[in-house]
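Peer 1: My questions are about this predicted structure, shown below with the sequence.
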Amino acid sequence: PGVVYQRVVKPDGDIRYTYMSEGAREMFGVSPEQVLEDPEALFSTYGEDYKASFRQRLIAASKTLTTWDVEASVVAPDGQMRYNHAIAKPERLRDGSVLWTGLILDATRIKQVEEKLKAATRSVEAANQAKSMFLANMSHEIRTPMNGVLGVSDRLLKTELDGRQQRLLSTLKHSAQTLLAIINDVLDISRIEAGHFNLENESFDLHRCLEDAVDLSASAAYKKGLEINLIAEGGLPVMVKGDGGRLRQVLINLVGNAVKFTQAGEATIRAYAGPIKDGRANVTIEVIDTGIGIDPAAKEKLFAPFAQADSSI
């Protein structure tokens, strides 16, 4: 489905075809005999600019023996615009001429598919950008009333309440904090997609960050009869600088998974630090559980977007 040919480029720049397949009739509307007699006949449907540049490029490629791999638009014998893809390999002959053995294929369908894919990609990118803007705007709008709920909860907890009211209000506050963390996750996704995601570098209480991650999963753990522990070893600094909010989100996700996939036993956060040097400490935080674990084969899927080792539970 194309044209197979051989042509010779002489040292003086003369170009002659020594073989031309029957495909020339369908693709170019000329017979092989016409091309063998007159090389210009092959380019009768090409524009004058292309014919001139083609000759120059072919002679230059013959000097360097560079493989020929080009695309060109042509007017087919039926008057339709087509795209041709030409590939040819050069070989130096004893007299200094260059023998080109090549193939010309009709790439119109491929080109049309490429154009459709480009248009589809542009459409998807536009939709994705609109989605990201929507997520960013909505998460900002939702965070404002959520902060109001948290603020009122804090004020109410400082008033005189009986034990039951205190527990209910504490649950309300923790639920609002969890929902706010989810909203922040959504906002992070939109920021990442927009390329505007930045980590904060502010002072925060590392111990409180660890305690929050345990507290928010404690209720789910107790309902399943699990122990949930926090081990902060000696030498772990209290006040540190970094993005406490992001660290808290990561820990909540990890501890939540530990509780979710553990049917019996316990889930533990263990944190320890190396010696502080030049105001910096290497802090290690481990989340350990007695759950089902991860199949070694499934570990390869981790750290890929939207991947779960086991989504059946």
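Peer 2: On my side now, so go ahead. Numbering: from 1, shown residues only.

Peer 1: CA atoms for contacts and neighbours, from now on please.
Peer 2: OK.

Peer 1: What is the neighbour count of residue 222?
Peer 2: 12 (other CA atoms under 10 Å).

Peer 1: Kindly report the same for the one 3 residues further on.
Peer 2: Each residue near residue 225 was counted by other CA under 10 Å, and the total is 13.

Peer 1: need the contact list for it.
Peer 2: The neighbours of residue 225, taking CA atoms under 8 Å, 6 or more residues apart in numbering as the test, are 264-265.

Peer 1: SS state for residue 144?
Peer 2: For residue 144, the assignment made with DSSP: H, G, I helix; E, B strand; the rest coil gives helix.

Peer 1: This structure: strands as residue ranges?
Peer 2: Secondary structure of the chain (DSSP state E): strands located at 2-9, 15-20, 68-75, 81-92, 98-106, 202-205, 227-232, 239-242, 266-273, 283-289.

Peer 1: Pretty sure residue 242 sits against residue 198.
Peer 2: No - Residue 242 is beyond contact range of residue 198, at 11.5 Å (criterion: CA atoms under 8 Å).

Peer 1: Pick out whichever of the two has more residues nearby.
Peer 2: Taking other CA under 10 Å, residue 242 and residue 198 do not tie; residue 242 has more neighbours (15 against 10).

Peer 1: Backbone dihedrals for the nearest residue to the more buried one once chain neighbours are set aside, please?
Peer 2: Spatial nearest neighbour of residue 242, chain neighbours left out: residue 201 (4.1 Å); criterion: CA to CA, 6 or more residues apart in numbering. Main-chain torsions, residue 201, degrees, to the nearest 10: phi -140, psi 80.

Peer 1: mind listing what residue 201 touches?
Peer 2: Shown in contact with residue 201 (CA under 8 Å, 6+ apart): 241-243.

Peer 1: can we see that at 10 Å?
Peer 2: By CA atoms under 10 Å, 6 or more residues apart in numbering, the residues touching residue 201 are 240-244.

Peer 1: Tell me the most packed of these, by neighbour count.
Peer 2: For these, neighbours were counted using other CA under 10 Å, and residue 244 has the most, 20 neighbours in all.

Peer 1: do you know how far that residue is from residue 83?
Peer 2: Per CA to CA, to the nearest Å, residue 244 is found 57 Å from residue 83.

Peer 1: got it, and residue 94?
Peer 2: From residue 94 across to residue 83, the span is 35 Å (CA to CA).

Peer 1: Likewise for residue 10?
Peer 2: With distances taken as CA to CA, residue 10 is found 28 Å from residue 83.
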